[in-house]
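A.B. asks: okay, structure incoming, though there's no sequence with it:
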């Protein structure tokens with residue numbers, strides 16, 4: 001898996017700052033990030049002097065933190081959290097494949113997700129889509145591990161809640177919507193109804 005990440009990292013991280021901001025959506029995200037980094041309004045950032053309380057702030061926080069840390073706020077800093085999230089997503093998919101099947105399957109899955117055009121394209125835009133995908137993938141993998149162990153792991157339960165909470169901060173209510181569906185999908189092949197009931201109670 002390390003070799004896959006080593007091969008993909010240059011592809012995802014190179015030339016992030018060479019393309020201008022594209023479209024109104026990315027421009028809005030960038031404006032919010034700039035406001036946080038320049039004025040320190042982390043809780044209620046503004047865009048064109050308008051407050052955006054309905055915009056989940058996780059991606060803005062991450063990108064603004066990169067700006068503050070590096071002392072520069074340009075296209076590369078705006079997009080770096082998205083590119084980094086894509087690389088971590090490759091790792092999560094690889095781990096999921098290894099857990100569900102075997103190591104070889106995990107490596108193939110990691111390579112395929114890493115070379116998926118839509119993932120690559122969205123990883124080079126200052127938008128929270130790839131970050132949300134990463135958090136939901138990690139949450140579903142955590143849920144599956146918890147369910148396979150019989151639902152007795154408090155650590156995994158806490159981790160699942162944290163990941164879903166972060167997913168809400170990344171993109172809003174789509175995260176709990178997916179979480180509500182996940183137990184029913186997993187329980188389609190369940191051996192015992194008791195485990196299904198426990199799983200649904202945890203995420204519903």
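C.D. replies: Nice, thanks for sending it over. The model shown is predicted, which means the values in this text are computed figures rather than measured ones. Numbering: from 1, shown residues only.
A.B. asks: ranges for the helices of this protein?
C.D. replies: Along the chain, the segments classed as helices by DSSP state H run 2-13, 23-39, 58-70, 75-100, 103-114, 117-122, 129-148, 154-171, 174-187, 193-203.
A.B. asks: could you dump these to CSV with mean pLDDT?
C.D. replies: Output for the helices of the chain, formatted as CSV (pLDDT from 0 to 100):
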stretch, mean pLDDT
helix 2-13, 94
helix 23-39, 93
helix 58-70, 97
helix 75-100, 96
helix 103-114, 96
helix 117-122, 96
helix 129-148, 91
helix 154-171, 93
helix 174-187, 72
helix 193-203, 53
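A.B. asks: residue 47: which of those helices is closest?
C.D. replies: Of all the helices of the chain, it is helix 23-39 that lies closest to residue 47, at 4.2 Å by CB to CB. For every residue, glycine as well, the C-beta is placed using N, CA and C.
A.B. asks: touching, residue 62 and residue 81? I think so.
C.D. replies: Yes - between residue 62 and residue 81 there is a contact at 4.0 Å, judged by CB atoms under 8 Å.
A.B. asks: shared neighbours of the two, which are they?
C.D. replies: By CB atoms under 8 Å, 6 or more residues apart in numbering, residue 62 and residue 81 have these common neighbours: residue 131.
A.B. asks: looking at these two, which is more packed in?
C.D. replies: Using other CB atoms under 10 Å as the criterion, residue 62 and residue 81 rank with residue 81 on top: 24 against 19.
A.B. asks: for the more buried one, give me its contacts.
C.D. replies: Applying CB under 8 Å, 6+ apart, one finds that residue 81 lies in contact with 59, 62, 63, 66, 131.
A.B. asks: and residue 32, by the same measure?
C.D. replies: Here residue 32 is in contact with 45, 46, 47, 52, 55, 57, 60 (CB under 8 Å, 6+ apart).
A.B. asks: what count of nearby residues applies to the fifth one?
C.D. replies: Yep, that's residue 55 we're talking about. 16.
A.B. asks: nearest residue to it other than its sequence neighbours?
C.D. replies: Nearest non-adjacent residue to residue 55, counting by CB to CB, 6 or more residues apart in numbering: residue 32, 6.7 Å away.
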